[in-house]
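Peer 1: need a structure here:
(one chain, ligands or ions: 1)
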Amino acid sequence: MRPAGAWLYVMLALACAGAAQARSAAETMDILMWNREPVGGPFELIDQTGKVRSDRDFRGRLMLVYFGFTYCPDLCPTDLMAIGQALEQLGPDADAVQPVFITLDPERDTAEHLAEYVPLFHPRLLGLTGSPDAIGAASDAYKVYFAKIAIGKDGVDYTIDHTSFIYLMDADGKYLGFFPPGTSAERIVEIIRPRLATPTR
Ligand code: NI
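Peer 2: Numbering: from 1, shown residues only. Okay, here's the model as predicted:
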């Protein structure tokens, strides 16, 4: 490649990297819907007990991954409740499934705060937080769109606008697909059960 061509390539790559950080909700949804880019990937975050957890800890199990925040008034609790109920309905088979909640609001969702929140939905629901960079890397990998929105006049209080898909990952950590927001526990079970019949390594 001629030097001019190489520079053009580098500039294009930089432009794409810049764009990747500010994708709209529509763009991330488009990527997910048509499988345009890989979904998921390695993460290293802190769980509700303060322990470092990585995606590699869950190999051999299916993962249900959900991004949200504990102050979310409706969607997050509804979907987390569906995840918890699905695990209940799976009975002993639920041992082969790891539910994971990753916060998009690490500022307020500390490990201590997650320790009070996640058991409301299921005793095995893992809550993960981390530095804004670590959370940003995980949400980019899963093609999650989120934005902090100020509420009220003082500008101190905020909410988080976010896409809320429940991601299903296989026993090797690879992306299988997503459940749209509002999917019932029964539907989750119906879709997960045949996957559990597939022998894992
Ligand atoms: Ni939410």
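Peer 1: near the ion, which residues of this protein are found?
Peer 2: Contact residues (CB under 5 Å from the ion) of the chain with the ion: Gly68, Cys72, Leu75, Cys76. C-betas here are computed from N, CA, C, even on glycine.
Peer 1: as JSON lines, these with neighbour count and pLDDT would be great.
Peer 2: Shown next, in JSON lines, are the residues of the chain next to the ion (neighbours: other CB atoms under 10 Å; pLDDT from 0 to 100):
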{"residue": "Gly68", "neighbour count": "24", "pLDDT": "97"}
{"residue": "Cys72", "neighbour count": "19", "pLDDT": "94"}
{"residue": "Leu75", "neighbour count": "14", "pLDDT": "89"}
{"residue": "Cys76", "neighbour count": "24", "pLDDT": "94"}
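Peer 1: low-confidence regions, this structure specifically.
Peer 2: Along the chain, the parts satisfying pLDDT under 70 run over 1-22, 198-201.
Peer 1: can you give me the strands for it?
Peer 2: 44-47, 52-54, 62-68, 97-103, 126-129, 146-150, 158-162, 166-169, 175-179 (DSSP state E).
Peer 1: now render these as a markdown table, adding distance to Ala86.
Peer 2: Converted to a markdown table, these look like this (distance: least, CB to CB, whole Å):
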| stretch | distance to Ala86 |
| --- | --- |
| strand 44-47 | 21 |
| strand 52-54 | 21 |
| strand 62-68 | 8 |
| strand 97-103 | 8 |
| strand 126-129 | 15 |
| strand 146-150 | 24 |
| strand 158-162 | 21 |
| strand 166-169 | 9 |
| strand 175-179 | 9 |
